[in-house]
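**Student:** Sequence first, then the predicted structure, then my questions.
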Amino acid sequence: VSTGREQLMTIAVVDCETTGLDPDRDEMIELAVSRIVLDRVSGKVVDIEEPGSWLNEPSAPLPTAIAQLTGLTDDDLVGQRFVDADILAAFEGVALVVAHNAVFDRGFVTRCFPSLGKLPWACSLREIDWLAAGLGSRSVTALLTETGHFLPDAHRAAADVWATACLLYLPDQTGRSFAAQLVETASRDTMRVFATGAPFDCKDALKATGYRWSPTRKAWWTEGEAEAIARQEIWLRSLSPKIEPVTSTVTWFDRHA
């Protein structure tokens, strides 16, 4: 299958289950990958592979909440280890990695497999306009239900990956697949502005406008097209003279890092 600028594009859809939310402290216990092939000319998904999945025993017993959420037990994970060669083989020829919450999944996946951080990533949760397609939900399970399908074994990686792949296969409001819409949106460069130096009393105004907190930059930020970010710079300076907006270009190689 050709990748890059050619007609067919191989996409790896991924999902992981973990012992918690912090990739620097918690561990990935399950990873699933399904490959789909997008015809970029027709906008149709022309092939979907059944997911492969792998388990990994963590260094400590599973938290009760994670066991209840996933249905996995300590006994399921005893002696299980990720087979690195098999997992990396699933990404051979892949031009894009997709997850339904890419910030979360990318953090855990690239911690275990740093080379996968060199691929572009896209987020089917945030980079598909589900509302425009008449779908009011955002979770994989709810979206699938709204489209008339049912997801068994929710919160297991293979089931969630299969559900995401099926959603990407479906036509959007233009008749092209949601996968094509995602690629078109995610591949465009955007701008990110950080409200550097924003006083604490600006927090509520920033949150109400859609800004998110970056613990690494210690600043509130938002992302959008260049024209919209230019307007945000003007607004930030009017919000407080202490704010010094700092902008940067964002690509799908670093957007969800």
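**Tutor:** Sure, I can see it.
**Student:** So what's the residue count around the closest residue in space to A67 that isn't next to it in sequence?
**Tutor:** Spatial nearest neighbour of A67, excluding adjacent residues (CB to CB, 6 or more residues apart in numbering): T73 at 6.0 Å. C-betas here are computed from N, CA, C, even on glycine. T73 has 11 neighbouring residues, counting by other CB atoms under 10 Å.
**Student:** Do I have it right that T73 meets L62?
**Tutor:** Yes - using CB atoms under 8 Å, T73 is in contact with L62, at 7.1 Å.
**Student:** any idea how far the residue nearest to A67 lies from P215?
**Tutor:** Remark: distance between T73 and P215 (CB to CB, to the nearest Å) = 33 Å.
**Student:** Ok, P114 next?
**Tutor:** Shown here: P114 relative to P215, a distance of 21 Å by CB to CB.
**Student:** Tell me which of the two has more neighbours.
**Tutor:** P114 (9 against 6).
**Student:** Retrieve the pLDDT associated with the more buried one.
**Tutor:** Looking at P114, its pLDDT is 97.
**Student:** same thing with L144?
**Tutor:** Confidence score, pLDDT, at L144: 85.
**Student:** ok, residues contacting the host helix or strand of L168?
**Tutor:** Following DSSP states H and E, one finds L168 within helix 157-169. The contact list for helix 157-169, computed with CB atoms under 8 Å, 6 or more residues apart in numbering, reads 11, 13-17, 30-34, 36, 45, 48, 50-53, 98-100, 124, 140-141, 143-144, 147, 149, 151-154, 177-179, 182.
**Student:** Now do the helices in the stretch 151-257 of the chain.
**Tutor:** 157-169, 178-186, 203-208, 226-239 (DSSP state H, counting those that start in this stretch).
**Student:** Send over the second one as PDB, restricted to the C-alpha atoms.
**Tutor:** Same thing as helix 178-186. Extracted C-alpha coordinates of helix 178-186, given in PDB (Å, rounded to 0.1, in the frame of the first residue of the first chain):
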ATOM      1  CA  PHE A 178     -15.000  10.300   8.400                       C
ATOM      2  CA  ALA A 179     -11.500   9.000   7.900                       C
ATOM      3  CA  ALA A 180     -11.100  11.400   4.900                       C
ATOM      4  CA  GLN A 181     -12.500  14.300   6.900                       C
ATOM      5  CA  LEU A 182     -10.100  13.500   9.700                       C
ATOM      6  CA  VAL A 183      -7.000  13.400   7.400                       C
ATOM      7  CA  GLU A 184      -8.000  16.700   5.800                       C
ATOM      8  CA  THR A 185      -8.500  18.500   9.100                       C
ATOM      9  CA  ALA A 186      -5.500  17.000  11.000                       C
END
